[in-house]
Each structure stands twice: as structure tokens, then as C-alpha cells.
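Trainee: sequence and predicted structure below; questions after.
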Amino acid sequence: MADINASQGNNDRKLDEMLDGLLSEYSAAQPRPGLEMRILANLREQSAAAKDESTPRVWRWNFAWMRVGMMRVGIWAGAAMATAAILLAIYLSRPSQQTRAPQIVQHSPQQEAPRPVQQKNLAGQDGQAGNQLPDQRLEELVKKKTVKNTMVAERQVAVRQEVFPSPSPLSDQEKLLFRYLARTPREELVGQSHPDPPAELSDGNDSKESNPNNLTQVQQRNSNTR
Amino acid sequence: MAGQAILGETLLKQANSSDVEVQREVVESLVSEHTPMVFRIAYSILRNHHDAEDAAQECFLKVFRLVQKSSAGLAQVRNQKTWLARVAWTTALDRRSRRAIVGDHELSVDAVLLSADVGEPAGGHALDQLPGNTVATDEALAERQMQQVLEKLVFGLPEDLRQPLELSTVQELNSTEIAEVMDIPESSVRTRLLRARRLLKDKMAILLEVKKHG
């Protein structure tokens, strides 16, 4: 029994020794020569790459600031341009409003009778006679204003209008013509409106027709009737 | 320990400066001082030279990026060595998990035991070549084969036991530093190490018995 225990103890000891020996050799490997140099070379590559990366980062940062600045400048410029465009549109819209409403304005001195308020204003504009202006002076001013208004109306008529032909008052000749048409009987008008009979060309012996001057007269008459 | 903390603080103060060159110099000093430790931590987890070297490189690049980023997290670091060991440990664990997802399957201990029973070539080949109680003529070869078996047994351990055991095999780390790296109490580290050793011993005893009795 004691021998068995002793042999087991010996086996355990041997096993322990064997295990210790094996475990001590378990990681006793040595790196191959040059590992340190390879690692250092890799590190240098990595640091060089890091340097390269860091340089564009600065550029990117600067570029970002430049972009922000350019955006701000662009926004301000756009706002300024928009404001200028609005102001220009307002400025241009004033004369267009005047031309948009072409009306025939016929001013008469009676219609342009001065109102008391206008009189006061005019009196204020004049400034020479104070609040009490003589009637003669007032009449002159009213006349001036009337003339101005008629001139403005004429200018407005001269502007091209939307309706063609543009409506305009009848001229004196047109009025006379209408008056003549109204008074003259219809039969007479119809009779006068018949075209002349075409010129009959006779033989070549005809002295009238052979005359070249007469021929041109006939042609002119035909063209007039046409 | 206090000296290391002061050195770490000095380095991290330097790292707080925005100059890339200074940051690189700080990391270079870490590389020259701690590359073997970082490699061993990675190797203890990945069990492959090539993967461990890649993980070491990745770890230092991570450190460089962390130093570059900001001083908020780094200012609180007191011990540069354990901080670096933690970065290396997490990097290696990530790499191992990626490798597992990709499908680089390793044999578990159960597979080793099963293959030993059935006599499959994968695990059974290693078991057939295990030395018996008698002293082997070619001790180096036997030890290498035993290492392969141990790797498979460690891989079969539960995660919470395997991680402190793997870190304990790195000669630069003691139990206090392992506790800092894993962010658990030191007593937990010791307890887990004891349990892991006991499990490994039991499994090795079983394997040896299997080998002895054919």
C-alpha cells in the first residue's frame, strides 16, 4: 500500500516537473531577426501617412472657412441685388402706370374751375402775394394749369394705345363729310358713286385714242375708279 | 515598478504633444523595449510565428494610433508595460477569433483523446510518439512532441482558465501583471492557474496511461 502511494507521489511529481518544463517552454519562442526593424518601418510609413493626412486637413479647414465667407458674401450680394431690383421695378412702374391708362382728356376751362383748396395751395406755392392774391393773378395761374393739363392729355394720346385703330375725335374734314352725307339724298350719292365707264378703244384711226397723252389720261381715270 | 510607472508617465506626457514625430519616437521607444514581450504574448495565443509577428506589428500600429488620437485615455495609464501587454493580448485574441471564423480549425483535447482511442492519424500520431516512463533516446524530439500534445491540451481548456495560463507562460509577466492585463483580481488569476494546471495534469496522466496500456 505504501509502495503504491509512493509510486503515485512519484508520478505526480514527475507529471508536475514535466508540466512545468513544458509550460516554461510553451511561449519561449523568439521572434525572427528583423521584426523590430519591420515594425519601425511600418511606424514610419504610418507617421508619414499621418503627416500627409494632417496637411490636407488644414487646407480643408481653411477651405471650409473660405466657403463660409464666400457664402456670406454671396448672401449679402444677393440681398443687395434683390433690393436694387425691387427699387428699379418701383421706379420703372411709375411711368408705365401713366401710359397704361390712355384716356382722351378734353379739358375745358369751366371744368377746371379752381377749388378753394387748390387756390390755397397755389397761393402757398406762389409765396409772393401771401394769402390774399388778386383775382387776375389767380386766373392766370388757373389758365397755366389748364394748358399744362391739356398738354399732358395730348402726350398721353400720342402714346400707342391698346385698341387699334385708336379712338380719336373726328377731325373737321370728317365732320364736314358726315354733314354732307347727312344732307345729300341717297340717290344722288349712289349716282355719284358709279364708276366711270371704261374707255372704249376704237380704231387706230381715231385721232383722240392715237394720241399718247389721251391714252395716259384714260389709264389714270381707270386707276382712279378702281 | 514605480520606475516603470514614472517612465510610462514621461512617455505619455511626450505622447500628448501633437507633433507626429514625437509620437513616433515615443512608440519607437516602446518597440525597442517591449517587442519580445509583445511577440511572446501573441505567440502564446496564436501558436504560430508568422501570425505572432503580424499581431506584434498590428499591436504597435494600434498603439501609435492610440497615441495619435488623444490624450484622454492615455493620460490615465500608469503602467506602460501592462498597458502594452493588454493591447498585445487583445490584438492576438482578435486575430485568433478571426482565424477561427475563417475556418482554421485546431484539434481540441477531446479530439486528441478521441483520436488516441480510435487511432486516427491526426492526434494519434502524436500520442503514438509520446515517450513512456522509460527515458527516451531522443529527448529533444520527445519534448517537441510533448509540446504539441500540450498545445492541444491547453486549447481544450475552458476560456477563463486558458487565458491566464497562456499569459503565465510569458516569462515577462508575473501574476500581478497578468491580473492587470486581464483586468481581474490577482487572487482570481492564481486560482485559475491552479485549476488549469490540475486539469492539464489529469489529462496528461490519462494520456500517459493510455499510451502505457496500448
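Mentor: Yep, it's here. Numbering: from 1, shown residues only, chains lettered A, B, ... in the order given.
Trainee: okay, now residue 145: neighbour count?
Mentor: Going with chain A. A:Lys145 has 15 neighbouring residues, counting by other C-beta atoms under 10 Å in any protein chain shown. (Each C-beta comes from the backbone N, C-alpha and C, glycine too.)
Trainee: my question was about chain B
Mentor: Neighbours of B:Gln145 under the rule other C-beta under 10 Å: 19.
Trainee: what does A:Lys51 give?
Mentor: The number of residues packed near A:Lys51 is 13, by other C-beta under 10 Å.
Trainee: is chain A contacted by the helix or strand hosting B:Val154?
Mentor: In this structure, B:Val154 is located in helix B:139-155 according to DSSP states H and E. Yes - in terms of C-beta under 8 Å from any C-beta of the partner chain, part of helix B:139-155 sits within range of chain A, namely B:Glu143, B:Met146, B:Gln147, B:Leu150, B:Glu151, B:Val154.
Trainee: which one of the residues you listed sits closest to chain A?
Mentor: Proximity to chain A was ranked across the residues of helix B:139-155 next to chain A by C-beta to the nearest C-beta; first place goes to B:Leu150, at 4.6 Å.
Trainee: just checking, that closest one touches B:Leu200?
Mentor: Yes - the pair B:Leu150 and B:Leu200 passes the contact test of C-beta atoms under 8 Å, sitting 7.4 Å apart.
Trainee: need the overlap of contacts for those two.
Mentor: A shared contact of B:Leu150 and B:Leu200, defined by C-beta atoms under 8 Å, 6 or more residues apart in numbering or on different chains, is any residue touching both; here these are A:Leu19.
Trainee: ok so, going back, what's the helix or strand following the helix holding B:Val154 packed up against?
Mentor: Counting by DSSP H and E, the next helix or strand C-terminal to helix B:139-155 is helix B:159-168. Using 3 or more C-beta pairs under 8 Å, 6 or more residues apart in numbering or on different chains; DSSP states H and E as the contact criterion, the elements in contact with helix B:159-168 are helix B:20-46, helix B:139-155, helix B:175-182, helix B:186-212.
Trainee: tell me, what residue is most central in chain B?
Mentor: Centroid-nearest residue in chain B, with C-alpha atoms, centre = their mean: B:Ser44, separated by 3.0 Å.
Trainee: once you drop chain neighbours, what's closest to that one?
Mentor: In this structure, B:Ser44 finds its nearest non-sequential neighbour in A:Ser27, 3.9 Å apart by C-beta to C-beta, 6 or more residues apart in numbering or on different chains.
Trainee: contacts only, for that neighbour.
Mentor: Contact analysis of A:Ser27 by C-beta under 8 Å, 6+ apart lists B:Arg40, B:Ile41, B:Tyr43, B:Ser44, B:Glu166, B:Thr169, B:Val170, B:Gln171.
Trainee: give me the pLDDT value at A:Gln161.
Mentor: With respect to pLDDT, A:Gln161 scores 62.
Trainee: next: A:Gln125.
Mentor: The predicted structure lists A:Gln125 with a pLDDT of 49.
Trainee: cool, B:Ile41 as well?
Mentor: We have a pLDDT of 95 for B:Ile41.
Trainee: circling back to that earlier point, the residue nearest to the centre of chain B contacts B:Val170, doesn't it?
Mentor: Yes - in terms of C-beta under 8 Å, B:Ser44 counts as a neighbour of B:Val170; the distance is 5.6 Å.
Trainee: and the angle for the host helix or strand of A:Lys51 with helix B:20-46?
Mentor: When elements are assigned from DSSP H and E, A:Lys51 belongs to helix A:35-100. Taking axes from the mean of the first three to the mean of the last three C-alpha atoms, to 10 degrees, one finds helix A:35-100 and helix B:20-46 inclined to each other by 120 degrees.
Trainee: list the helices and strands helix A:35-100 packs on?
Mentor: helix B:20-46, helix B:49-69.
Trainee: separation between B:Leu84 and A:Arg44?
Mentor: Counting by C-beta to C-beta, to the nearest Å, the separation of B:Leu84 from A:Arg44 is 19 Å.
Trainee: looking at those two, which has the bigger crowd around it?
Mentor: More neighbours surround B:Leu84 than the other of B:Leu84 and A:Arg44, with 25 against 12 (other C-beta under 10 Å).
Trainee: state the distance from the more buried one to A:Met37.
Mentor: For B:Leu84, the distance to A:Met37 under the criterion C-beta to C-beta works out to 19 Å.
Trainee: show me how the chain divides into domains.
Mentor: All of this is about chain A. Recorded structural domains for chain A (assignment: automatic domain parsing) are A:43-100, A:104-161.
Trainee: wait, I meant chain B there
Mentor: B:2-102, B:109-212.
Trainee: and the domains of chain A, which one's lowest on average pLDDT?
Mentor: When I compare the domains of chain A, domain A:104-161 is least confident, with a mean of 59.
Trainee: that older thread, turn the residues of helix B:139-155 next to chain A into CSV, including neighbour count.
Mentor: Compiled in CSV, the residues of helix B:139-155 next to chain A are given as follows (neighbours: other C-beta atoms under 10 Å in any protein chain shown):
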residue, neighbour count
B:Glu143, 15
B:Met146, 22
B:Gln147, 18
B:Leu150, 20
B:Glu151, 18
B:Val154, 23
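Trainee: thinking again about what came up before, over to the residue nearest to B:Ser44: give its phi and psi.
Mentor: Phi and psi for A:Ser27, reported as degrees, to the nearest 10, are phi -120, psi 30.
Trainee: any idea of the pLDDT on it?
Mentor: A:Ser27 is assigned a pLDDT of 84 by the prediction.
Trainee: and B:Ala136, by the same measure?
Mentor: At B:Ala136 the predicted local confidence, pLDDT, stands at 51.
Trainee: again, but for B:Glu21
Mentor: Confidence per residue is given as pLDDT, and for B:Glu21 that number is 79.
Trainee: tell me the contacts of it?
Mentor: Each residue near B:Glu21 by C-beta under 8 Å, 6+ apart is listed here: A:Ser47.
Trainee: okay, how far is it across stretch A:166-186, tip to tip?
Mentor: Between the opening and closing residues of stretch A:166-186 lies a distance of 30 Å (C-alpha to C-alpha, to the nearest Å).
Trainee: check stretch A:21-37 too.
Mentor: From its first residue to its last, stretch A:21-37 covers 32 Å (C-alpha to C-alpha).
Trainee: got the buried residues for it?
Mentor: Neighbour-count burial for stretch A:21-37 flags A:Leu22, A:Leu23, A:Tyr26, A:Ser27, A:Ala29, A:Pro31, A:Leu35, A:Glu36 (criterion: 16 or more other C-beta atoms under 10 Å in any protein chain shown).
Trainee: farthest pair in those?
Mentor: The distance between the two most remote of these (C-beta to C-beta) is 28.3 Å, for A:Leu22 and A:Glu36.
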